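**Student:** quick one: sequence plus predicted model below, questions after.
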Amino acid sequence: MEERNELYPVFLKVNKLNILVVGGGNVGQEKLHFLLKSSPNANVEVVAKKFLPETAELAKKFGVKMTKGRYRRKYLKKRHIVIAATNDTKLNKRVHRDAKKRYLLANIADTPDLCDFYMGGIVNKGHVKIAISTNGKSPTTAKRLREFFEEVIPENVNQMVENLNEYRKSIKGDFEAKVEQMNTITESLKVKKDRND
């Protein structure tokens, strides 16, 4: 049987969740960068003994709380998500154990077995957002797919989404009737396969 990606994609309202990032070095900076690139209003705190200047600058730019010091279990209080992004494997595993005791979602950098979720490639055009996962097998493929979708999705897609939303509000009838009408009007968005395939 062919191996498949069992991950279930979700889109989190990270401005309404409390996120802790442990680590202020290169990996912490990368995780923070991609989180804020996609969700500039994410509610994040970063705790680390030291911060790279780039990490501190990014945190300041987006109003992210920075706590200088050693990680302590108390930092997990009132959190929903924790990201361990240090170069200390023992510390990352400790963060994971502490998170599991509190039933928190955890992402442990470079340790797929200890991750409840991955931070995949993201394409963002206004209201349209596409998440890409290769199940951790090939980040380069995810990057290339992201670049491809960024190029092929038209720049005016946001206006189309807004227009369809207004149209949807004006449709009369029950849920099924609305879905049917929306399917009909968006039929042209489907990619037509070449019959010679």
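**Tutor:** Right, received. Where do you want to start?
**Student:** spatially central residue in this structure, please.
**Tutor:** In the chain, the C-alpha nearest the mean C-alpha coordinate belongs to residue 119, at 5.1 Å (C-alpha atoms, centre = their mean).
**Student:** who's in contact with that one?
**Tutor:** With contact set as C-beta atoms under 8 Å, 6 or more residues apart in numbering, residue 119 has these partners: 31, 34-35, 83, 107. Glycine gets a C-beta too; all of them are placed from N, C-alpha and C.
**Student:** from residue 100, how far out is the closest residue to residue 108 other than its chain neighbours?
**Tutor:** Counting by C-beta to C-beta, 6 or more residues apart in numbering, residue 108 lies nearest to residue 114, which is 3.9 Å off, once chain neighbours are set aside. Going from residue 114 to residue 100 by C-beta to C-beta, to the nearest Å gives 9 Å.
**Student:** picking that back up, the residue nearest to residue 108 reaches residue 99, doesn't it?
**Tutor:** No - Residue 114 lies out of contact with residue 99 (C-beta atoms under 8 Å); the separation is 9.3 Å.
**Student:** who's more crowded, those two?
**Tutor:** Using other C-beta atoms under 10 Å as the criterion, residue 114 and residue 99 rank with residue 99 on top: 25 against 18.
**Student:** send the alpha carbons of the host helix or strand of that one over as CSV?
**Tutor:** Under the assignment given by DSSP states H and E, the secondary-structure element containing residue 99 is helix 89-101. Below are the C-alpha coordinates for helix 89-101, written out as CSV (Å, rounded to 0.1, in the frame of the first residue of the first chain):
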residue,chain,number,x,y,z
THR,A,89,18.4,18.5,22.5
LYS,A,90,17.9,17.8,26.3
LEU,A,91,16.2,21.1,26.8
ASN,A,92,13.9,20.6,23.7
LYS,A,93,12.9,17.1,25.1
ARG,A,94,12.2,18.6,28.5
VAL,A,95,10.0,21.3,26.9
HIS,A,96,8.1,18.5,25.1
ARG,A,97,7.6,16.4,28.3
ASP,A,98,6.3,19.5,30.1
ALA,A,99,4.0,20.4,27.3
LYS,A,100,2.5,16.9,27.1
LYS,A,101,1.8,17.0,30.9
